[in-house]
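Mind looking at a prediction? Sequence and model below.
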Amino acid sequence: MSLISLVIPVYNEEESLVELYGQIREALEPSTHEFEILFIDDGSQDKSLALMKDLSESDSRVKAISFQRNYGKATALNIGFQRCSGDYVITMDADLQDDPKEVLELVAVLDSGWDMVSGWKKVRHDPISKRWPSKLYNFTVSSLTGINIHDFNCGLKAYTKKVVKNIDVYGEMHRYIPVLAKQKGFNCTEKVVLHHARKYGESKYGVKRLFTGYLDLFTVLFLGKYMRKPMHFFGLAGMMLLVLGGGILTFLSVQWAQQYFFGTGQWINNRPIFYIGILLSIIGGQFISMGLLGELITSSLHKEKPVIRENM
């Protein structure tokens with residue numbers, strides 16, 4: 001009999017917690033799976049923590065973890081991944097927009113051979129001001145990462161235990177868990193899921209996340225490709241600048257020699273291109289130095305832990 005862990009970040013959701021707990025019990029208790037619920041209170045300022053404690057005292061399957069202040073959804077998920085014990089791990093939001101009835105169907109997809117399943121809110125009950133920027137964002141992420149899913153922002157996702165124990169989620173990287181999983185060698189698919197209109201309160205995410213989301217995307221792509229080989233990035237850029245700067249200085253030197261010996265060239269002094277050549281050469285040298293420092297730091301501090309597929 002397998003165990004399902006539900007990891008649910010909570011931030012000021014006092015109206016929905018008890019109802020969400022009831023929906024989870026209704027959806028999972030008739031199944032053959034055992035389950036646990038990890039509510040991660042991300043510094044709520046309402047009665048969310050008190051309700052979580054009441055639920056955990058009345059049901060041993062409920063665990064309440066509380067942060068001293070608001071750290072963000074990624075940190076909440078990361079703590080939940082560390083503390084959960086399930087063979088399958090489900091993440092969902094606490095605002096009742098995700099439907100617990102989808103959990104068993106997501107688990108069935110994992111059982112068919114996938115490491116991770118991302119929910120796709122194909123019919124989405126959000127204002128158009130959120131839907132269209134989200135469509136553009138998802139298209140961009142899918143194109144740049146090569147992961148063919150439609151909804152990276154969906155909070156309803158399912159993972160095998162091996163995935164959550166081998167990825168590190170921080171900052172605002174919760175949007176890019178499929179990317180982080182792919183970089184570790186795991187496979188990912190998607191499933192259309194129900195999406196309900198928000199019943200209580202307002203969304204905790206504003207316009208700011210549209211801008212920070214793209215910055216985090218560049219971070220994920222850069223670290224995923226160059227984390228263990230920084231010289232490949234900085235060294236390539238440095239060599240290109242050095243070649244360009246050196247070419248300019250060589251060309252000017254030839255012209256100076258022609259002028260000095262034959263009077264057919266041109267003097268270097270007071271030519272802007274001369275200073276551009278020097279600047280490019282200096283910057284190129286600095287980039288190569290940064291690459292060498294990056295390699296030094298990587299080799300001394302970073303020891304990648306490989307994901308073991310199976311023990312023979």
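Structure's in. What do you need?

what packs against the helix or strand of the chain with the lowest mean pLDDT?
Counting by mean pLDDT, DSSP states H and E, the chain has its least confident helix or strand at helix 208-226, which shows a mean of 74. Contacting helix 208-226 under the criterion 3 or more C-beta pairs under 8 Å, 6 or more residues apart in numbering; DSSP states H and E are the following elements: helix 128-145, helix 177-183, helix 230-262. All C-beta spots, glycine's among them, are computed from the backbone N, C-alpha and C.

so how far is that helix off the chain centroid?
Between the centre of helix 208-226 and the centre of its chain there are 8 Å (C-alpha atoms, centre = their mean, to the nearest Å).

what comes into contact with it?
Applying C-beta atoms under 8 Å, 6 or more residues apart in numbering, the set of residues contacting helix 208-226 from outside is 133, 137, 140-141, 144-145, 171-173, 175-176, 179-180, 183, 232-233.

what about the strands in the protein?
3-10, 34-41, 62-66, 88-91, 116-120, 157-160, 188-192 (DSSP state E).

in stretch 257-267, what's buried?
Judged by neighbour count using 16 or more other C-beta atoms under 10 Å, the buried positions of stretch 257-267 are Gly265.

Kindly check the end-to-end length of that stretch for me.
9 Å (C-alpha to C-alpha, to the nearest Å).

gap between that stretch and the chain center?
Centroid displacement of stretch 257-267 relative to its chain, using C-alpha atoms, centre = their mean, is 59 Å.

returning to what we had before: packed most tightly, which of the helices and strands packed on helix 208-226 would that be?
The highest mean neighbour count among the helices and strands packed on helix 208-226, using mean count of other C-beta atoms under 10 Å, belongs to helix 177-183: a mean of 21.

So what's the model's average confidence on it?
Averaged over helix 177-183, pLDDT sits at 90.

which residues are contacting it?
With C-beta under 8 Å, 6+ apart, helix 177-183 has contacts from 77, 115-116, 118, 141, 145-147, 149, 152, 157, 159, 163, 167-169, 173, 188, 220-221, 224.

at 6 Å what do you get?
Residues outside helix 177-183 that contact it (C-beta atoms under 6 Å, 6 or more residues apart in numbering) are Met116, Ser118, Thr145, Ile147, Val163, Ile167, Cys188, Val220, Gly224.

do the same with stretch 141-150
With contact meaning C-beta under 6 Å, 6+ apart, stretch 141-150 is reached by Ser118, Trp120, Asn138, Phe152, Pro178, Val179, Lys182, Glu190, Leu217.

could I get those as TSV with distance to Leu280?
Converted to TSV, the contacts of stretch 141-150 look like this (distance: C-beta to C-beta, whole Å):
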residue	distance to Leu280
Ser118	44
Trp120	47
Asn138	39
Phe152	38
Pro178	39
Val179	34
Lys182	36
Glu190	46
Leu217	29
